[in-house]
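>>> Build me a model from this:
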Amino acid sequence: MSVIDLTGKVAIITGGGSGIGRASAQLFTELGANVVVSDIAQTADETVASIEASGGTASAMVGDIGDVAVADAVVAAAVERYGRLDVLVNNAGIMDHFAGAANVDDALWERIMRVNLDAPFYLTRAALKVMLPQGSGSIVNVSSAAGIRGAAAGAAYTASKHGLVGLTRNTAYMYGKQGIRANAICPGGVATNVMTEDVQRGIDHEGLAALGPVHQGALRNAEPIEQANLAAFLASDAAVNVNGAIIPNDGGWAAG
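The predicted structure follows:
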């Protein structure tokens with residue numbers, strides 16, 4: 001048996017309709033977990049259909065988790081259906097357009113923060129209310145190379161992902177002695193069509209020109225499953241001593 005075993009665990013995976021989220025949901029169920037797939041789009045239902053066709057157990061929750069009521073409802077639905085919550089994967093995220101602070105308007109800033117930082121906070125808060133009485137739980141936040149460096153994305157995205165790293169570390173330290181683990185994955189480039197399309201809409205060419213030389217140092221684009229494998233490890237009991245870790249999963253980009 002693989003050391004990564006999620007048998008009987010209940011997991012929420014946000015952004016589960018595509019990319020890293022879908023790969024994670026599929027892998028988690030293959031490893032024995034019951035998964036709630038959360039996404040703003042109906043693609044969450046498509047992920048669930050593919051999981052059920054393979055014999056896994058999953059359910060979909062469609063809604064905007066940047067709305068605190070929706071985030072609370074996702075956690076409540078997981079507990080109502082499966083009786084507990086063991087894992088929260090805060091994966092949902094959107095890119096900015098590589099714009100520096102001088103070119104970021106209020107609407108873009110608020111949109112990025114709502115999805116990339118507010119939603120993970122709301123879900124973490126709701127999940128802790130379930131995990132703390134259990135005395136166990138694993139929170140896996142999908143940050144970014146932009147969460148640990150300043151030259152990977154625009155100002156809004158970079159700030160949001162740095163914020164997610166801070167939330168991860170604080171949660172790990174505050175609740176580690178109560179059985180809660182919180183870790184963050186920091187992908188570099190990942191081959192996901194949704195993220196690519198999001199970047200291309202309204203791209204800031206001034207910012208892209210400034211960041212271009214740094215991006216040329218990126219070694220490769222990962223496949224979503226390569227991020228999902230790390231998420232599954234961190235979610236599992238095999239990572240019982242891993243808490244507060246901020247892990248680059250970028251093919252060595254951060255080493256340059």
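
>>> give the contact list for A41.
Listed by C-beta atoms under 8 Å, 6 or more residues apart in numbering, the contact partners of A41 are 17-18, 62. For the C-beta atoms, the positions are set from N, CA and C on the backbone; glycine is no exception.

>>> same check, this time on C186
143-145, 147-148, 161, 165, 246-250, 254.

>>> Next: A172.
Contacts of A172 (C-beta under 8 Å, 6+ apart): 180-183, 243-244.

>>> again with V75
Taking C-beta under 8 Å, 6+ apart as the definition, contacts of V75 comprise 12, 85, 123, 126-127, 129-130.

>>> and the two most separated of these?
Using C-beta to C-beta, these span at most 13.3 Å, a distance reached by I12 and K129.

>>> Give me the more crowded residue out of these two.
I12 (29 against 13; other C-beta atoms under 10 Å).

>>> re the thing from before, go through the contacts of A41 and name the one nearest F233.
Ranked by distance to F233 (C-beta to C-beta), the contacts of A41 are led by S18 at 21.7 Å.

>>> burial measure for that closest one, as a count.
S18: 19 surrounding residues under other C-beta under 10 Å.

>>> What is the distance between the strand ranked longest in the chain and the centre of its chain?
Longest strand in the chain, counting residues (DSSP state E): strand 180-187. Here the centre of strand 180-187 is set off from its chain's centre by 9 Å, with C-alpha atoms, centre = their mean, to the nearest Å.

>>> how about the nearest residue to A101, chain neighbours excluded?
Leaving out its chain neighbours, the residue that sits closest to A101 by C-beta to C-beta, 6 or more residues apart in numbering is A155, at 4.3 Å.

>>> Oops, could you answer that again for A172 instead?
Leaving aside its sequence neighbours, A172 sits nearest to G244 (C-beta to C-beta, 6+ apart; 3.4 Å).

>>> quick one, what contacts A71?
65, 119, 122-123, 126.

>>> quick revisit: reformat the contacts of V75 as a markdown table; add pLDDT, distance to A107 and secondary structure.
Below are the contacts of V75 laid out as a markdown table (pLDDT from 0 to 100; distance: C-beta to C-beta, whole Å; DSSP: H, G, I helix; E, B strand; the rest coil):
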| residue | pLDDT | distance to A107 | secondary structure |
| --- | --- | --- | --- |
| I12 | 98 | 28 | strand |
| L85 | 98 | 33 | coil |
| L123 | 98 | 23 | helix |
| A126 | 98 | 27 | helix |
| A127 | 98 | 29 | helix |
| K129 | 98 | 32 | helix |
| V130 | 98 | 34 | helix |
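
>>> Highest neighbour count among the residues you listed?
Ranking the contacts of V75 using other C-beta under 10 Å puts I12 first, with 29 neighbours.
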